[in-house]
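*Asks:* Fold the following, please.
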Amino acid sequence: MYDSEKRAPSIALEGSESPAANEQETPAFSHREAKKLVQDLFTPKPVLFWADFLITVSIGYGFAAIYLTAPAFSLIQIAAFLVSGLALFRVGIFIHELVHREEASMVGFHIAWNLIFGVPFLLHSLLYRSHLDHHHPRKFGTPAEGEYLPLGAAPIRETILYLAQIPAVPLFAAFRFLVLVPLSFLYPPSRRWLLERWSSYTINPYYRRVIPPTEPLGLWAVLDLLCLLWLAVVIGLLLKGFIPWTTVGMVYGLSISTIALNWVRTLAAHRFLNTGGNMTYVEQIEDSQTIEGRSLLTLLLFPIGLRYHALHHLFPLMPYHSMGEAHRRLMSALPEDSPYKKGIFPGLWAALRELLRGARTAEKAGQNPMQVWRHPETATYAR
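*Replies:* Have a look, this model is predicted:
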């Protein structure tokens with residue numbers, strides 16, 4: 001386990017501490033020099049966001065309609081299911097960009113994404129604000145954030161348990177909005193509990209979010225109520241017979257497919273080797289992985305810049321459309337022994353093999369750091 005006295009430096013980010021300049025400079029890596037190489041690539045281009053989103057969501061919903069109306073188990077239904085699932089997966093991944101995009105030029109995009117996709121899929125963008133903890137200098141890689149589990153240093157059964165959660169995610173979302181949201185308004189003291197325990201789209205089931213004073217509680221209420229209203233309308237249409245009950249099962253299956261794509265993709269985002277202690281800045285970069293291949297599988301499973309995950313942890317505010325160029329510049333300019341280059345894989349399978357290799361080693365050694373996540377009071381990270 002990492003020394004509990006380590007303090008991980010950070011990059012400037014919403015919700016995180018402002019780092020001292022020298023904290024990011026080591027003999028092995030200079031954040032300052034790396035940023036000089038890509039300084040001109042941080043401005044988002046709203047037109048690209050809008051075009052990508054509108055085209056992709058049209059494909060996703062269009063093929064979903066074909067999937068729902070085509071003859072059961074026909075080739076056209078199966079093809080429509082696959083195309084719609086991949087397209088809606090890409091649309092959903094925009095939530096990752098929304099967390100980091102607070103520019104005035106992107107306000108309209110936030111609203112449109114939530115109304116067109118976030119609310120219908122019970123995944124409004126505030127449910128992912130917990131992602132800011134994933135970039136917190138003293139929380140990354142510890143039980144104090146929701147997007148890290150030590151799967152690469154734990155027995156394989158932990159990865160199986162991780163994947164086994166997937167079918168329950170839509171059911172938990174429905175329960176949250178149908179039961180817990182109304183209760184939180186009828187009994188206001190339970191509202192904070194709901195935001196802390198049942199309001200984060202994460203892979204760590206033991207995560208408890210700390211609500212900062214800057215949290216937009218009013219917007220939370222509006223988006224929660226919109227999702228509740230949407231569910232009430234759908235249930236009403238079901239009870240009146242306007243929507244067949246079989247459609248519920250088909251939509252559930254489509255939702256599961258998009259969630260599964262994201263959770264499998266997440267397995268290649270990090271090495272997942274940290275066992276609960278603080279990580280240094282360089283260790284955080286080395287733990288984050290880049291999928292450099294350009295196969296069709298890579299392009300489909302790592303949309304919106306997610307295959308450049310080390311780059312994202314290096315520069316969280318860089319828009320996804322700039323990442324390809326930024327990566328090329330860094331690969332050309334940085335030395336071969338740079339921490340940035342240590343987590344590069346040619347494809348998904350290579351990254352998964354590395355994770356499973358670590359899991360098998362942990363299994364043989366009888367080690368399971370997941371106990372730290374299940375009992376976070378024993379963790380050594382700084383709170």
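*Asks:* Any stretches of the chain with poor pLDDT?
*Replies:* 1-28, 378-383 (pLDDT under 70).
*Asks:* For it, which residue occupies the most central location?
*Replies:* Nearest to the mean C-alpha position of the chain, counting by C-alpha atoms, centre = their mean, stands His96 at 6.1 Å.
*Asks:* can you pull the contacts of that one?
*Replies:* The contact partners of His96, taken as C-beta atoms under 8 Å, 6 or more residues apart in numbering, are Tyr128, His131, Ile304, Leu306. C-beta here means a position set from N, CA and C on the backbone, and glycine is covered the same way.
*Asks:* TSV please, covering those residues and showing neighbour count, distance to Gly236 and secondary structure.
*Replies:* Formatted as TSV, those follow (neighbours: other C-beta atoms under 10 Å; distance: C-beta to C-beta, whole Å; DSSP: H, G, I helix; E, B strand; the rest coil):
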residue	neighbour count	distance to Gly236	secondary structure
Tyr128	22	28	helix
His131	21	33	helix
Ile304	22	34	coil
Leu306	19	37	coil
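*Asks:* how about the strands in the stretch 1-150 of the chain?
*Replies:* For the stretch 1-150 of the chain, none of the segments meets the definition of strands by DSSP state E, counting those that start in this stretch.
*Asks:* I misspoke; the intended subject was the stretch 151-300 of the chain.
*Replies:* Under DSSP E, counting those that start in this stretch, the stretch 151-300 of the chain gives strands at 290-291.
*Asks:* For Ile256, see how far away Ala173 is.
*Replies:* 12 Å (C-beta to C-beta, to the nearest Å).
*Asks:* same thing with Ala153?
*Replies:* Ala153 sits 28 Å away from Ile256 when distances are taken as C-beta to C-beta.
*Asks:* for Asn278, same thing?
*Replies:* Applying C-beta to C-beta, the value for Asn278 to Ile256 is 36 Å.
*Asks:* higher neighbour count, the two?
*Replies:* Neighbours were counted for Asn278 and for Ile256 using other C-beta atoms under 10 Å; Asn278 has more, 25 against 16.
*Asks:* Look up phi and psi at Ser295.
*Replies:* Note on Ser295: its backbone torsions stand at phi -70, psi 160 [degrees, to the nearest 10].
*Asks:* how much space between the residue nearest to the centre of the chain and Ala174?
*Replies:* From His96 to Ala174 the distance is 23 Å (C-beta to C-beta).
*Asks:* And for Arg329, the neighbour number?
*Replies:* By the measure other C-beta under 10 Å, the count of residues near Arg329 is 14.
*Asks:* quick one: it is in a helix?
*Replies:* Yes: counting by DSSP: H, G, I helix; E, B strand; the rest coil, one finds Arg329 located in a helix.
*Asks:* Next, the contact list for the spatially closest residue to it that is not a sequence neighbour, please.
*Replies:* Nearest residue to Arg329 in three dimensions, chain neighbours excluded: Leu37, at 4.8 Å (C-beta to C-beta, 6 or more residues apart in numbering). Neighbour list for Leu37: Ala326, Arg329, Leu330, Ala333 [criterion: C-beta under 8 Å, 6+ apart].
*Asks:* Just the buried subset of the residues you listed, please.
*Replies:* The neighbour count (16 or more other C-beta atoms under 10 Å) marks Ala326, Leu330 as buried among the contacts of Leu37.
*Asks:* Kindly reformat the contacts of Leu37 as JSON lines containing distance to Arg191.
*Replies:* Formatted as JSON lines, the contacts of Leu37 follow (distance: C-beta to C-beta, whole Å):
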{"residue": "Ala326", "distance to Arg191": "40"}
{"residue": "Arg329", "distance to Arg191": "46"}
{"residue": "Leu330", "distance to Arg191": "44"}
{"residue": "Ala333", "distance to Arg191": "49"}
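*Asks:* out of the contacts of Leu37, what pair is the most spread apart?
*Replies:* Spanning the widest gap among these are Ala326 and Ala333, at 10.9 Å by C-beta to C-beta.
*Asks:* Number of residues surrounding Phe73?
*Replies:* For Phe73, using other C-beta under 10 Å, the count is 7.
*Asks:* quick one: it from Lys240, how far?
*Replies:* Look at Phe73 and Lys240: by C-beta to C-beta, they are 28 Å apart.
*Asks:* on that earlier part again, show me which of the contacts of Leu37 is closest to Glu33.
*Replies:* Ala333 (8.4 Å).
*Asks:* for the closest one, what are its contacts?
*Replies:* Going by C-beta under 8 Å, 6+ apart, Ala333 touches Leu37.
*Asks:* for Cys227, what are its contacts?
*Replies:* Taking C-beta under 8 Å, 6+ apart, we find Cys227 in contact with Val119, Leu122, His124, Phe177, Val181.
*Asks:* Inside helices: which ones of the residues you listed?
*Replies:* Val181 (DSSP state H).
*Asks:* mind listing the helices for the stretch 151-300 of the chain?
*Replies:* Taking DSSP state H, counting those that start in this stretch to define them, one finds helices in the stretch 151-300 of the chain at 156-164, 169-175, 181-186, 190-197, 217-239, 245-266, 281-287, 296-301.
*Asks:* orientation of the longest one relative to helix 190-197 in degrees?
*Replies:* Relative orientation of helix 217-239 versus helix 190-197 (axes from the mean of the first three to the mean of the last three C-alpha atoms, to 10 degrees): 90 degrees.
*Asks:* Could you check the angle helix 217-239 makes with helix 245-266?
*Replies:* Using the same axes, to 10 degrees: helix 217-239 against helix 245-266 is 140 degrees.
*Asks:* closest to Leu314 among the contacts of Cys227?
*Replies:* Out of these, the member with the shortest distance to Leu314 (by C-beta to C-beta) is His124, at 28.3 Å.
*Asks:* residue contacts, the closest one?
*Replies:* Asn114, Gly118, Leu223, Asp224, Leu226, Cys227.
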